[in-house]
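>>> coordinates for the following, if possible.
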Amino acid sequence: MDDELGKQLLERLTAIEQRLDTLEADQSQLREAYARSRAHLRRLWLRPPMWTFEQHPPRPLDLSKLPAAPALPKQPPRIAIVTPSLNHGRFVRATIDSVLGQDYPRLFYHVQDGASADETVEILKSYGERISWRSAADGGQSDAINKGFQDVDCDIMAYLNSDDVLLPGTLACVADFFEQRPEVDFVYGHRIFIDYAGMEIGRAVFPAHHSEALKYAGYVPQETMFWRRSLWEKTGGGLDEKFTYALDWELLLRFMKHGARIRRVPRFLGGFRVHALQKTQANASTSGTAEVALLLESLHGRKVSREEVCSRTKLYFARSTIYDALYRLGVLRA
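The predicted structure follows:
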C-alpha cells in the first residue's frame with residue numbers, strides 16, 4: 001500500500017506541476033497580449049484614426065450606407081464654395097464634379113486658379129457657364145480663397161481644395177442643419193480618406209465638438225467645414241494670408257474668439273485626398289510646425305509644449321478612438 005500511495009502522490013504532484021507550467025504559460029501569453037494591447041492603444045493615442053490616413057489597402061469607395069440626403073428647406077440658403085487651385089489638373093475635375101453633382105439649387109461655385117501650367121485651365125473651360133472661374137497669379141492659397149469670396153452674395157460659405165471632394169448629399173445636409181439650428185454658426189462632419197486614384201484608404205468618425213481640445217489641436221477636417229457668412233464678416237471677412245498650412249485652424253480659432261457656436265454633424269461630408277504632393281503632409285514638419293506653435297502661443301499668451309498639448313487633448317482623442325471602434329463594429333452609424 002505504501003508503494004501504491006507513493007505512486008499516487010507522485011502522479012498528483014506531477015499533474016500539479018504540469019498545471020502550474022500551463023498556468024505560467026497562460027500568464028506569459030496574457031502578459032504578452034496585454035503588452036501588445038497597450039502598445040496598440042498607445043499608437044492610437046499618439047496617432048488617433050482622424051490623423052491616420054492610410055488605414056487599409058485601397059478599395060473602391062463604397063457610399064451605399066450613407067443616409068439619404070434630407071429634403072431641402074422651402075427656401076434653401078444660398079451657399080458659396082470657392083476652390084483654390086494650382087497645377088492640380090489631375091484632381092480638379094473630380095473636385096468640381098463632386099460639387100456640381102450635389103444638384104443644389106442655390107449654389108455659387110468658383111474656382112480661383114493660380115495660373116496653373118498644366119491642363120487645369122482647359123478643364124475649367126470645359127464646364128462652360130456651370131462654374132465661375134479665374135486663372136491668374138496669386139499670393140498663395142489664402143489669397144486665392146479671399147479673392148474667390150470677394151463680392152459674393154450668400155448665406156453659407158465653404159472652401160474646398162482642388163484635390164478633395166464633397167460626398168453625395170452634403171449640401172442638402174448642411175442646408176437642413178443650418179435651417180433646423182438657427183443658433184449654430186459653423187458645422188463640420190466626418191471624413192473619408194481617398195488616395196491618388198480616388199480609392200478609399202480610411203475613415204475618420206468624430207465625437208461631438210470639443211472647444212477646449214480645439215484650442216490645442218486643429219482637428220476639424222477642413223473639407224467638411226461650412227459657416228454662416230455673418231460669422232465671416234464679423235471676424236474680418238477673410239483668411240489670414242500669412243498662414244499657408246494652418247489657415248483653417250487660424251480661421252476656426254478666430255471664429256471661436258467671436259463666440260461662434262460650432263457643431264459636428266454626425267455624417268460623412270467630405271473626402272480628403274492623400275497623395276505625394278498633398279500640402280498637409282508635405283508641409284507638416286516645416287511651415288506647419290512653426291504655424292502651429294505661433295497659433296498656440298498667440299492663443300495662450302505663452303509657449304505651449306507638446307506635453308501640454310497631449311495632456312489637454314488626450315480625453316478628446318481617446319473619445320475619438322472609441323467612436324471609431326463603435327463605428328467599425330456597426331454600433332455607431334454615420
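>>> how far out from the middle of the chain is the longest strand along the chain?
Secondary structure of the chain per DSSP state E: the longest strand is strand 262-273. Its chain's C-alpha centre and that of strand 262-273 lie 7 Å apart, by CA atoms, centre = their mean, to the nearest Å.
>>> that one pairs with which strands?
With DSSP bridges as the test, strand 262-273 is paired with strand 165-166 (antiparallel), strand 186-194 (parallel).
>>> where exactly do the strands run in this protein?
With DSSP E, the ranges of strands along the chain come out as 79-85, 107-113, 132-135, 156-159, 165-166, 186-194, 200-204, 226-228, 262-273.
>>> from the centroid of this protein, which residue is nearest?
By CA atoms, centre = their mean, the chain has its centre lying nearest to Pro221, at 3.0 Å.
>>> phi, psi of it?
Per-residue torsions, Pro221: phi -70, psi 120 (degrees, to the nearest 10).
>>> please name the nearest non-neighbouring residue to Leu189.
Actually, residue 189 is Gly rather than Leu. Ranked by CB to CB, 6 or more residues apart in numbering and with sequence neighbours excluded, the top spatial neighbour of Gly189 is Leu269, at 3.6 Å. No exception for glycine: its C-beta is placed from N, CA and C like everyone else's.
>>> isn't the residue nearest to the centre of the chain right up against Phe193?
No: taking CB atoms under 8 Å as the definition, Pro221 is not a contact partner of Phe193, at 9.9 Å.
>>> what do those two both touch?
Residues touching both Pro221 and Phe193 by CB atoms under 8 Å, 6 or more residues apart in numbering: Ala204, Phe272.
>>> can I get the strands of the chain in CSV including mean neighbour count?
Listed next are the strands of the chain as CSV, based on neighbours: other CB atoms under 10 Å:
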stretch, mean neighbour count
strand 79-85, 25
strand 107-113, 22
strand 132-135, 17
strand 156-159, 24
strand 165-166, 24
strand 186-194, 24
strand 200-204, 20
strand 226-228, 23
strand 262-273, 22
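>>> okay, these in CSV with mean pLDDT next?
Formatted as CSV, the strands of the chain follow (pLDDT from 0 to 100):
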stretch, mean pLDDT
strand 79-85, 98
strand 107-113, 98
strand 132-135, 97
strand 156-159, 98
strand 165-166, 98
strand 186-194, 97
strand 200-204, 96
strand 226-228, 98
strand 262-273, 98
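>>> export those as JSON lines, with columns for distance to Ser311.
JSON lines is the format used below for these (distance: least, CB to CB, whole Å):
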{"stretch": "strand 79-85", "distance to Ser311": "35"}
{"stretch": "strand 107-113", "distance to Ser311": "40"}
{"stretch": "strand 132-135", "distance to Ser311": "46"}
{"stretch": "strand 156-159", "distance to Ser311": "32"}
{"stretch": "strand 165-166", "distance to Ser311": "35"}
{"stretch": "strand 186-194", "distance to Ser311": "24"}
{"stretch": "strand 200-204", "distance to Ser311": "22"}
{"stretch": "strand 226-228", "distance to Ser311": "29"}
{"stretch": "strand 262-273", "distance to Ser311": "22"}
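>>> so which of those is nearest Thr244?
Of all the strands of the chain, it is strand 79-85 that lies closest to Thr244, at 11.4 Å by CB to CB.
>>> please name the nearest non-neighbouring residue to the residue nearest to the centre of the chain.
Arg191 (4.1 Å).
>>> the residue nearest to Gly189 and Glu119: what is the separation?
28 Å (CB to CB, to the nearest Å).
>>> got it, and Arg191?
From Arg191 to Glu119 the distance is 27 Å (CB to CB).
>>> cool, and Val99?
In terms of CB to CB, Val99 sits 19 Å off from Glu119.
>>> those two - which one has more neighbours?
Val99 (22 against 15; other CB atoms under 10 Å).
>>> identify the residues contacting the nearest residue to that one once chain neighbours are set aside.
Leaving aside its sequence neighbours, Val99 sits nearest to Tyr109 (CB to CB, 6+ apart; 5.3 Å). With contact taken as CB under 8 Å, 6+ apart, Tyr109 is in contact with Ala80, Ile81, Thr83, Ile96, Val99, Leu100, Ile131, Ser132.
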